[in-house]
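Visitor: sequence? don't have it. structure:
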């Protein structure tokens, strides 16, 4: 009687070498590259097609892919097997340990077959014939691997060196990593090197003994997680906190490269791991010129190229040996000989927190809360703050530059007091959040310039300074004083020695020269001229709350309460209900999803340009409303952060932004105003705070 073989499919990988098609939420094993089912489905069918013998089939997959897994499993008889879901990826050693534990607990010391979910294999009959050829060695307690005789010097595969062969079973001398081309050529010439398929066959007790000998920590941690797992009709689920405690490493490093007496069976089937666009070119249906064309593509005079579009029309002329893959949000172009290096692109994108590696674009997709955290944090503290802390600082005349060009060159513009203060605020916030740059020096530099050049005889602050620091406009403006007070509050919170004194002087000026003594808010300027607007009052409210945060003194809360009362009695328009719901209903450009700067009482846009600051304010408003008893706004928060990056940040050079977008999504910006940095820092740090503990 043919011995039972318990089979496990490992389906936890991302397949980053097939980006931009393969992503975290839809990795390559779920893709149908040949029209006869996903790679996962074909792998499961292959395992269930064993001619003789009991073969329960299990699947080890990511819990985030549970719905997709269940869809692919529909109609496939797993012979008593089923899915085992990992709450987080811990690499292949954990998966093999989990497979071994499941087998021991349910089937005793049976043979175990572990296979990847995303390999192209010629026929099920040839596959199972090769597996049966290794069953005897596995039954005897040897760990068995399967090797492919190389047909060319491949640099994308690991290799197995063998020492000898007896009865179709080879002794493994060593495993070697993916080689460079010269080394691969030497392996091919030597004749005793095979490609490593990553397919393993072993007796459960043999793998258990190997783990206890070489990686007892992995075995014990996996055992604890497995014993605490819960099970229902949909599968087995491991608890996150226990499974995450398993050390993450590959089965090759953990066991195979350290164990002795490993056997290798030369595979009798054609095999391709489909690990690059080159491999898809090799196995795909090609035209007379050797091209594989997929999707809406027009290719003229092209040869031996893989050209694929999953979205818009893609056209190419005169290309040879090139891979072009275009999706709705990304395009990859490379010589097919270097297409495996797409992983370097993915690593760079992931480092900066780009979501194009994680999510497949879809109009109806709800991005998980916190999805933008890594991108936001990277952009703020690794791209933008470092840039503005260098080229944004006027080391000659003092203070900060009012604007930069898109080549990061400072522009000679008058320096507004609000901008100087807002840059101080930004560096103080960065300092409070652990930025390791020279924040203290920058804060002191900014405050020294402001205090030396920008004070008035009344103890207030001027509106505008020339580039060299001389006064350009001496008006004492409520808006500017609000910005100064906010900056001083945050400077005080990070230990600046002058901030508290300057703030006390500013509050004294505010009370003496800007407060309306009828207790109805503040004047626009100390001269009393100008229409009184809500905007300076909003920023004063922000400053008062910041000083309460900095000192804990109730006097600042009382100041804030008077602003709130003024809003209720004068600034709120009950007829048009000009609050968040109205802004969302009437204030968005339906083509881009961006907020207009202003709309009329009738809900019509007064300005078709979308600037970056309203997007920041919309994010802040949604965060403030989320969890206040109304609807769940987390998906909207993610969408708003996404739109800001899509239109204002990602198209700009690193550390900069496009401030003005027209109604069709085209840039109108000619420079990068420093004053906007405050809005972006404020909104995006609030986003980071509101998503602590969410997706990373």
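Guide: Happy to help now that I have it. Bear in mind the structure is a predicted one, so any value in this text is a computation, not a measurement.

Visitor: residues of stretch 625-637 that come out buried?
Guide: Going by neighbour count (16 or more other C-beta atoms under 10 Å), the buried part of stretch 625-637 is 625, 626, 633, 634, 635, 636, 637. C-beta coordinates here come from the backbone N, C-alpha and C atoms, glycine included.

Visitor: mind checking how far the last one is from residue 132?
Guide: Distance of residue 637 to residue 132, given as C-beta to C-beta, to the nearest Å: 56 Å.

Visitor: now the residue of the chain most remote from its centre: how far from residue 458?
Guide: Computed with C-alpha atoms, centre = their mean, the residue of the chain farthest from its C-alpha average is residue 518, at 52.2 Å. In this view, residue 518 and residue 458 are 20 Å apart by C-beta to C-beta.

Visitor: Would you mind pulling the contact partners of stretch 359-379?
Guide: 23-26, 327-329, 350-355, 358, 634-635, 637-639, 641-642, 645, 649, 684, 687-688, 691, 693-696 (C-beta atoms under 8 Å, 6 or more residues apart in numbering).

Visitor: What ranges does the stretch 451-600 of the chain have for its helices?
Guide: 478-493, 499-509, 534-551, 554-566, 580-586 (DSSP state H, counting those that start in this stretch).

Visitor: which element follows the last one toward the C-terminus?
Guide: So that's helix 580-586. strand 610-611 (DSSP states H and E).

Visitor: what distance separates that next one from the centre of its chain?
Guide: When distances are taken as C-alpha atoms, centre = their mean, to the nearest Å, strand 610-611 is centred 25 Å away from the chain's centroid.

Visitor: Next SSE downstream of that strand?
Guide: Going down the chain from strand 610-611, the next helix or strand is helix 612-625, by DSSP H and E.

Visitor: starting at the chain centroid, how far to the next helix or strand after that following helix?
Guide: Using DSSP H and E, the next helix or strand after helix 612-625 towards the C-terminus is helix 634-643. Distance of helix 634-643 from the chain centroid (C-alpha atoms, centre = their mean) equals 14 Å.

Visitor: which residues are in contact with helix 634-643?
Guide: Under the criterion C-beta under 8 Å, 6+ apart, residues 355, 366-372, 376, 592-594, 615, 618-619, 622-623, 626, 684, 687, 690 lie in contact with helix 634-643.

Visitor: now those: which count as buried?
Guide: 355, 367-372, 376, 592-594, 615, 618-619, 622-623, 626, 684, 687, 690.

Visitor: And residue 560, how far from residue 486?
Guide: Distance from residue 560 to residue 486, counting by C-beta to C-beta: 13 Å.

Visitor: ditto for residue 461
Guide: Per C-beta to C-beta, residue 461 is found 13 Å from residue 486.

Visitor: Can you check what pLDDT the model gives residue 35?
Guide: pLDDT, residue 35: 69.

Visitor: Which residues outside the strand or helix carrying residue 135 are in contact with it?
Guide: Element membership for residue 135 (DSSP H and E) is helix 124-139. Taking contacts as C-beta under 8 Å, 6+ apart, the residues outside helix 124-139 that touch it are 2-3, 5, 45-46, 49-51, 111, 113, 121, 144, 146, 168-169, 201-203, 206, 263, 265-270.

Visitor: quick revisit: redo the helices of the stretch 451-600 of the chain as a markdown table? Include mean pLDDT, mean neighbour count and distance to residue 91.
Guide: Output for those, formatted as a markdown table (pLDDT from 0 to 100; neighbours: other C-beta atoms under 10 Å; distance: least, C-beta to C-beta, whole Å):
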| stretch | mean pLDDT | mean neighbour count | distance to residue 91 |
| --- | --- | --- | --- |
| helix 478-493 | 98 | 26 | 42 |
| helix 499-509 | 97 | 18 | 49 |
| helix 534-551 | 95 | 19 | 43 |
| helix 554-566 | 92 | 16 | 52 |
| helix 580-586 | 63 | 15 | 44 |
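
Visitor: any chance of these in a markdown table, with distance to residue 18 too?
Guide: Shown next, in a markdown table, are these (distance: least, C-beta to C-beta, whole Å):
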| stretch | distance to residue 18 |
| --- | --- |
| helix 478-493 | 46 |
| helix 499-509 | 53 |
| helix 534-551 | 47 |
| helix 554-566 | 54 |
| helix 580-586 | 38 |
